[in-house]
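**Student:** Pasting the sequence and the predicted coordinates here, then a few questions.
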Amino acid sequence: MDGYIRVSRRLGREGPGYISPDVQREAIKRWAAYKDVEVDEWHVDEDWSGGTHERPGLERAIERATAGETGGIVSWKIDRFSRYTEGGLRDLRRLEEAGARLAFVEDIDTSGPMGKFVYTVMLAMGEYFLDTIKAGWRVAKTRAHERGAKIGPTPLGYRRLPDGTLEQEPSEAPVVAEAFERAATGSLASALEFLEGLELVHQAGKRKDRPRSWTTGTVRRLLANRTYLGEVRWGDLPVTNEPSLQIVERLVWEAAQHAVDAPRRPARHYPLSGLAQCGTCGERMVGGSAGANQRTYRCRASLRLWKGPRCPRPVNVLADTLEAHVRRELAAMSSERWEGQEDSAGAVAEGELVMQEAEAELDAFVTDVEGAAALRRAGRCDGVCGRASMRLRMPSGGIARRQAERRARRLSSLQSWSSRRRRKSSVS
């Protein structure tokens with residue numbers, strides 16, 4: 001069986017209250033030793049909510065189980081596997097249809113009726129607790145918003161006070177104002193160049209003292225942020241106006257929006273994204289950029305936001321190089337398939353000769369009245385028409401469509417005329 005581990009958003013939690021992946025792994029190992037079960041592979045989803053089933057580790061575990069690569073999945077507790085009743089039951093049915101097990105260290109085995117009943121009840125309880133937590137967060141955030149606290153990351157130009165509210169950062173607020181001025185009177189590129197040249201660093205949080213990176217996307221988000229007008233927003237709640245937070249005048253802010261709304265560079269095309277696989281770990285490769293004009297493909301298990309197992313030696317290749325290689329391979333395969341059908345008996349050459357003869361005889365038959373009469377007397381009309389029909393069904397590349405259609409009409413007229421002559425001859 002495969003072991004599955006999930007940890008919700010960590011948010012800096014440490015200590016005995018934090019159920020780390022190691023704690024869950026040890027519990028599963030003890031269960032496996034007691035049940036005499038071998039854990040073939042581990043799947044870890046860290047910083048993933050149990051309310052969604054679109055988790056890379058879970059998807060990989062279910063994929064292996066339904067493909068018969070493992071006998072099933074074992075997890076520490078039901079709420080580690082799912083907090084979503086519908087999704088949890090759907091995954092259980094998928095595993096059962098494939099003949100795979102779903103077990104938990106809590107000694108709940110879903111292979112029997114009682115196990116399924118307990119599993120369903122516990123899923124519903126897990127979803128209930130998740131909904132309760134969400135409702136509590138909603139109430140807490142609403143109250144925080146009403147007292148002017150900023151919910152979300154601290155924007156450049158501000159610092160966060162202990163009560164969650166913001167105040168202007170004297171060293172950064174003028175930088176923000178200048179960036180807006182440059183965007184309003186110039187362009188997005190002008191604001192980007194200005195910010196890149198300052199070598200700013202993060203003042204707080206997990207990235208404290210790390211340099212800020214600027215792209216057209218981050219500058220667009222900065223220019224679109226209405227906090228710089230003194231507005232505190234969250235969700236669909238009423239806007240709270242705090243004049244002390246205003247860094248940018250409204251006219252300047254609105255003038256800078258032309259840079260935000262400016263046409264963006266067309267999206268780059270990555271035809272092999274999701275098709276190519278990493279040669280190290282087997283994960284899909286995705287398209288990305290390595291510079292202003294460099295398209296690349298890289299292993300998705302090397303991305304910063306990847307939640308599954310990291311690739312030890314991720315593959316990273318230029319898109320032009322990989323796509324050219326694929327085109328060469330496809331051309332070679334196509335060429336081999338075409339060349340593999342040898343004309344050992346000379347059938348193609350013989351067919352071309354027959355078509356040429358049929359075309360010549362048809363022309364002579366239609367234009368030469370005496371020849372036509374002779375052919376009718378000799379009874380060769382049917383043979384000529386049959387060979388000409390074959391020629392018209394397979395026109396060579398050198399015969400234009402109009403010429404082929406014209407000969408088809410002439411052949412049809414000839415066949416009708418020949419049929420009428422035979423009927424008259426039989427009557428007489």
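**Tutor:** Nice, I can see it. Numbering: from 1, shown residues only.

**Student:** and the strand or helix carrying Phe117, what does it pack onto?
**Tutor:** Taking DSSP states H and E as the definition, Phe117 sits inside helix 113-146. Under the contact criterion of 3 or more C-beta pairs under 8 Å, 6 or more residues apart in numbering; DSSP states H and E, helix 113-146 touches helix 78-81, helix 85-97, strand 108-109. (Each C-beta comes from the backbone N, C-alpha and C, glycine too.)

**Student:** what mean pLDDT does the helix or strand that the second one is followed by have?
**Tutor:** Along the chain past helix 85-97, the next helix or strand (assigned with DSSP H and E) turns out to be strand 101-104. For strand 101-104, the mean per-residue pLDDT is 85.

**Student:** so what does strand 101-104 touch, helix or strand wise?
**Tutor:** Packing partners of strand 101-104 (3+ C-beta pairs under 8 Å, 6+ apart): strand 72-75, helix 78-81, helix 85-97.

**Student:** Would you mind putting those into JSON lines with distance to Asn241 and mean pLDDT alongside?
**Tutor:** JSON lines is the format used below for the helices and strands packed on strand 101-104 (distance: least, C-beta to C-beta, whole Å; pLDDT from 0 to 100):
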{"stretch": "strand 72-75", "distance to Asn241": "48", "mean pLDDT": "89"}
{"stretch": "helix 78-81", "distance to Asn241": "42", "mean pLDDT": "80"}
{"stretch": "helix 85-97", "distance to Asn241": "42", "mean pLDDT": "82"}
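
**Student:** Using a markdown table, lay out the ones you listed together with mean neighbour count.
**Tutor:** Putting the helices and strands packed on strand 101-104 into a markdown table (neighbours: other C-beta atoms under 10 Å) gives the following:
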| stretch | mean neighbour count |
| --- | --- |
| strand 72-75 | 24 |
| helix 78-81 | 23 |
| helix 85-97 | 16 |
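
**Student:** Ok, which of the helices and strands packed on helix 113-146 comes nearest Pro271?
**Tutor:** In terms of C-beta to C-beta, the element of those nearest to Pro271 is helix 85-97, at 30.9 Å.

**Student:** so which of the helices and strands packed on strand 101-104 comes closest to Gly50?
**Tutor:** Here helix 78-81 is closest among the helices and strands packed on strand 101-104 (C-beta to C-beta), at 5.9 Å.

**Student:** Number of residues surrounding the residue nearest to Ser20 when sequence neighbours are not counted?
**Tutor:** Nearest residue to Ser20 in three dimensions, chain neighbours excluded: Val7, at 7.0 Å (C-beta to C-beta, 6 or more residues apart in numbering). Around Val7 there are 18 other residues, counting by other C-beta atoms under 10 Å.

**Student:** wait, doesn't Val7 sit right on Arg55?
**Tutor:** No. Using C-beta atoms under 8 Å, Val7 is not in contact with Arg55; the gap is 11.1 Å.

**Student:** Turn the helices and strands packed on strand 101-104 into a markdown table, columns for distance to Ala173.
**Tutor:** Formatted as a markdown table, the helices and strands packed on strand 101-104 follow (distance: least, C-beta to C-beta, whole Å):
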| stretch | distance to Ala173 |
| --- | --- |
| strand 72-75 | 49 |
| helix 78-81 | 45 |
| helix 85-97 | 46 |
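
**Student:** Please report how far the residue nearest the centre of the chain lies from Leu318.
**Tutor:** Nearest residue to the geometric centre of the chain (C-alpha atoms, centre = their mean): Gly274, 6.4 Å. Going from Gly274 to Leu318 by C-beta to C-beta, to the nearest Å gives 18 Å.

**Student:** cool, Thr66 as well?
**Tutor:** To Leu318, Thr66 is 36 Å away according to C-beta to C-beta.

**Student:** Also Asp45?
**Tutor:** 32 Å.

**Student:** do Leu188 as well
**Tutor:** Leu188 is 28 Å from Leu318, by C-beta to C-beta.

**Student:** repeat for Val23
**Tutor:** 43 Å.

**Student:** and if you look at Asp40?
**Tutor:** 36 Å.

**Student:** Just the buried positions in stretch 275-287, please.
**Tutor:** For stretch 275-287, a neighbour-count test (16 or more other C-beta atoms under 10 Å) marks 276, 278, 281, 283, 285-287 as buried.

**Student:** Need the contact partners of it.
**Tutor:** Under the contact criterion C-beta atoms under 8 Å, 6 or more residues apart in numbering, stretch 275-287 has outside partners 268, 270, 272-274, 295-301, 303, 308-309, 311-315, 319, 322.

**Student:** buried subset of those residues?
**Tutor:** Buried among the contacts of stretch 275-287 (16+ other C-beta under 10 Å): 270, 272, 295-301, 308-309, 311, 314-315, 319, 322.

**Student:** Just the ones of those in strands?
**Tutor:** Among these, DSSP state E puts 295-299 in strands.

**Student:** Pipe these into a markdown table and attach distance to Val105 and pLDDT per row.
**Tutor:** Output for these, formatted as a markdown table (distance: C-beta to C-beta, whole Å; pLDDT from 0 to 100):
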| residue | distance to Val105 | pLDDT |
| --- | --- | --- |
| Arg295 | 46 | 87 |
| Thr296 | 42 | 90 |
| Tyr297 | 40 | 91 |
| Arg298 | 37 | 91 |
| Cys299 | 32 | 92 |
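
**Student:** out of the residues you listed, who's nearest Gly71?
**Tutor:** Nearest to Gly71 among these, with distances taken as C-beta to C-beta, is Cys299, at 28.5 Å.

**Student:** need the contact list for the closest one.
**Tutor:** For Cys299, the contact set (C-beta under 8 Å, 6+ apart) comprises 278, 280-281, 283-285, 311, 314-316.

**Student:** Adding pLDDT, write those out as TSV.
**Tutor:** Shown next, in TSV, are these (pLDDT from 0 to 100):
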residue	pLDDT
Cys278	92
Thr280	91
Cys281	91
Glu283	91
Arg284	90
Met285	90
Cys311	90
Pro314	90
Val315	90
Asn316	90
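
**Student:** Which two of the buried ones among the contacts of stretch 275-287 have the greatest separation?
**Tutor:** Greatest spacing in these, by C-beta to C-beta: Arg295 and Pro309 (26.3 Å).
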